[in-house]
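Undergrad: got a predicted model here, sequence first, then my questions.
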Number of protein chains: 2
Amino acid sequence: MSDNKSARPIMVLLDILGKRWTLRIMWELRNGPFTFRALQESCDMLSPTTLNNRLSDLKKLEIVDHQPDGYQLTAKGLELAKIMIGLTKWADKEATLLARS
Amino acid sequence: MSDNKSARPIMVLLDILGKRWTLRIMWELRNGPFTFRALQESCDMLSPTTLNNRLSDLKKLEIVDHQPDGYQLTAKGLELAKIMIGLTKWADKEATLLARS
DNA sequence: TTCCTTGCTATTAATATTGTAGCAAAAGTA
DNA sequence: TACTTTTGCTACAATATTAATAGCAAGGAA
């Protein structure tokens, strides 16, 4: 068999998105730039250690960028964020289900 | 302010999808049912403890179902999986980027 | 100069995940 | 029937990740 599963791009992506807080950070960044501390606050006071690790991951993938006015999604990052809007729709539709978890 | 951020359905969803292996498990399940052990293998021999924890989460949200022929996505779960196809497209487009991470 | 804010790093404690062994129930085989 | 496999886990100790807290150096405002 020639398919090296773990080498597939989607696997790498799922690996990173699957780290705790990654999705949430991207979600918070959907509305403009945040300072490090503001981002921390919007993510329920996520520890600076973890936030910094996640930002590093996201910067490597050019999903997030550190500009003078703060951290923000790149064009590529925005594309991903748009996909996440689909998640929101699903979540809103299944709100009752999610409420009791 | 009246918005209780953490109560929003999307937050609950992101919380669960953001746990390690959740996305990957859903991804593997996209093609039909798997036995517990087969699923473990397709997820790089993920430990049974964690697999079982994640399956519990997903069952609670009615994203996954345990049928006689194995674990599989529910109708709701399939909708989510479809959203994830967008991720695959992104990943394939950014393959070079992902390859060096 | 003094006081904030910002973007972190360091350190230790708490929590989650892994790796491995193995067991009980169900299914298949002789 | 008795034996073997497969399946879906649980138990437990080891390791890795994350959290919580303190605090510091650099930059800007007053």
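TA: Nice, thanks for sending it over.

Undergrad: alpha carbons only for contacts and neighbour counts from here, please
TA: Fine.

Undergrad: tell me which residues in whichever strand or helix holds residue A:65 are buried?
TA: Using DSSP states H and E, residue A:65 maps to strand A:64-67. Using 16 or more other CA atoms under 10 Å in any protein chain shown as the test for burial, strand A:64-67 gives A:64-66.

Undergrad: compute the inter-axis angle for the lengthiest helix in chain A and helix B:75-93.
TA: Taking DSSP state H as the criterion, chain A has its longest helix at helix A:75-93. Angle of helix A:75-93 versus helix B:75-93, following axes from the mean of the first three to the mean of the last three CA atoms, to 10 degrees, is 180 degrees.

Undergrad: which parts of helix A:75-93 are buried?
TA: For helix A:75-93, a neighbour-count test (16+ other CA under 10 Å) marks A:77-78, A:80-81, A:83-84, A:86-88, A:90-91 as buried.

Undergrad: next up, the contacts around residue A:79.
TA: Residues in contact with residue A:79 (CA atoms under 8 Å, 6 or more residues apart in numbering or on different chains) are residue B:90.

Undergrad: circling back: redo the buried residues of helix A:75-93 as JSON lines? Include pLDDT.
TA: As requested, these are exported to JSON lines (pLDDT from 0 to 100):
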{"residue": "A:77", "pLDDT": "97"}
{"residue": "A:78", "pLDDT": "97"}
{"residue": "A:80", "pLDDT": "95"}
{"residue": "A:81", "pLDDT": "94"}
{"residue": "A:83", "pLDDT": "94"}
{"residue": "A:84", "pLDDT": "91"}
{"residue": "A:86", "pLDDT": "94"}
{"residue": "A:87", "pLDDT": "94"}
{"residue": "A:88", "pLDDT": "93"}
{"residue": "A:90", "pLDDT": "96"}
{"residue": "A:91", "pLDDT": "96"}
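
Undergrad: among the residues you listed, which one sits closest to residue B:26?
TA: Checking the buried residues of helix A:75-93 against residue B:26 by CA to CA gives residue A:87 as the nearest, at 13.8 Å.

Undergrad: how near is the closest one to DNA strand D?
TA: The spacing between residue A:87 and DNA strand D, counted by CA to the nearest atom of the strand, to the nearest Å, is 21 Å.

Undergrad: for residue A:61, same thing?
TA: In this view, residue A:61 and DNA strand D are 17 Å apart by CA to the nearest atom of the strand.

Undergrad: so what's the residue count around that residue?
TA: A count of neighbours around residue A:61, defined by other CA atoms under 10 Å in any protein chain shown, yields 21.

Undergrad: quick one: the strands in chain A?
TA: A:64-67, A:70-73 (DSSP state E).

Undergrad: mean pLDDT for the ones you listed - can I get that in TSV?
TA: As requested, the strands of chain A are exported to TSV (pLDDT from 0 to 100):
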stretch	mean pLDDT
strand A:64-67	96
strand A:70-73	98
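
Undergrad: got a markdown table for those, with distance to chain B too?
TA: Below are the strands of chain A laid out as a markdown table (distance: least, CA to the nearest CA, whole Å):
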| stretch | distance to chain B |
| --- | --- |
| strand A:64-67 | 13 |
| strand A:70-73 | 15 |
